[in-house]
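> here is a sequence together with a model predicted from it:
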Amino acid sequence: MNNVSSAFEYLPGSPDSPVVLHVPHSSRTIPADVRETITLDDAALERELDHITDSHTARIASAAAARGSLTPWRFVNRLSRLVVDPERFPDEREEMLSVGMGAVYTRTTHREELRPAGHDGRPLVERYFHPYAAAMTEAVRERLAAVGRAVIVDVHSYPTAPLPYELHGDGPRPPICLGHDGFHTPADLLAEAEKAFADFGGTGVNSPFQGTYVPLEYYGKDPRVSALMIEIRRDVYMSEPGGPAGPGLDALADALAQLVDAVGRG
């Protein structure tokens, strides 16, 4: 597959590694023509990007990949999730549609207008969402062909205080939230993550965010594809909202490298 596009980048790892670090929400980049579909002025857009971007998660994944003994593959979104969110269902299955945050967002983190009422997001889905999904599917297919299994580790962050768009924001907000899927997250993968991230003040499961990303071709169908979401509370490693990273970033990269090595060995 072509490993670089303007929208995403697929960075090679060790040929015998099953691990794909997936970083979908780290970028603030919005193409000029897509910017024209957003009704916020420039200052308001910057504030929204501060809140919605999983800042520095690409750096965490990159540092982890460099530190492990078995280099994982990395699939990194190079565009903001305000262009499209590649982790949403592209249809009525997506519960975030209720707050205007399906595959193409129409509302902000504070439930204000992002795009005008009646905005047709289908051109953005065709241009960005489907190619991204196809490339991620191919990445998983390659790992299955090469080593017989694929392990997707989804790297995210979330704010210390809940934002108005959150549908499940009233639950616990541990330093590390582990997103678990009943079909694709085996117990040993979850246990390795709990061990790797044990020193950050506690881990929790599926609160305040739940589940994990698996390409739809494999979702709920192929047990050779396992997956786990790592949601890092932002005060662990950065100034909020949208500020610089702090010393916690290196410790998180070490923990992620430990997890990658553990699950990469099988």
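Looks like it came in fine. Since this is a predicted model, take the numbers as computed values, not measurements.

> only C-alpha atoms for contact and neighbour calcs from this point on.
Will do.

> poorly predicted segments of the stretch 1-150 of the chain, please.
The model of the stretch 1-150 of the chain has pLDDT under 70 over residues 1-5.

> quick one, strands of it?
For the stretch 1-150 of the chain, strands defined by DSSP state E, counting those that start in this stretch occupy the ranges 8-11, 19-23, 73-77, 150-158.

> just put these in JSON lines and tack on distance to residue 87 and mean neighbour count.
Shown next, in JSON lines, are the strands of the stretch 1-150 of the chain (distance: least, Cα to Cα, whole Å; neighbours: other Cα atoms under 10 Å):
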{"stretch": "strand 8-11", "distance to residue 87": "13", "mean neighbour count": "18"}
{"stretch": "strand 19-23", "distance to residue 87": "10", "mean neighbour count": "26"}
{"stretch": "strand 73-77", "distance to residue 87": "11", "mean neighbour count": "24"}
{"stretch": "strand 150-158", "distance to residue 87": "10", "mean neighbour count": "25"}
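
> want to throw those strands into TSV with distance to residue 169?
Formatted as TSV, these follow (distance: least, Cα to Cα, whole Å):
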stretch	distance to residue 169
strand 8-11	29
strand 19-23	22
strand 73-77	25
strand 150-158	11
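
> residues of stretch 241-259 that come out buried?
Residues of stretch 241-259 classed as buried: 241-242, 245, 248-259 (neighbour count, 16 or more other Cα atoms under 10 Å).

> among the residues you listed, which lie within helices?
248, 249, 250, 251, 252, 253, 254, 255, 256, 257, 258, 259 (DSSP state H).

> how near is residue 173 to residue 247?
To residue 247, residue 173 is 21 Å away according to Cα to Cα, to the nearest Å.

> ranges for the helices of the stretch 1-150 of the chain?
32-35, 42-52, 57-67, 122-124, 130-147 (DSSP state H, counting those that start in this stretch).

> among these, which comes closest to residue 200?
helix 57-67 (14.9 Å; Cα to Cα).
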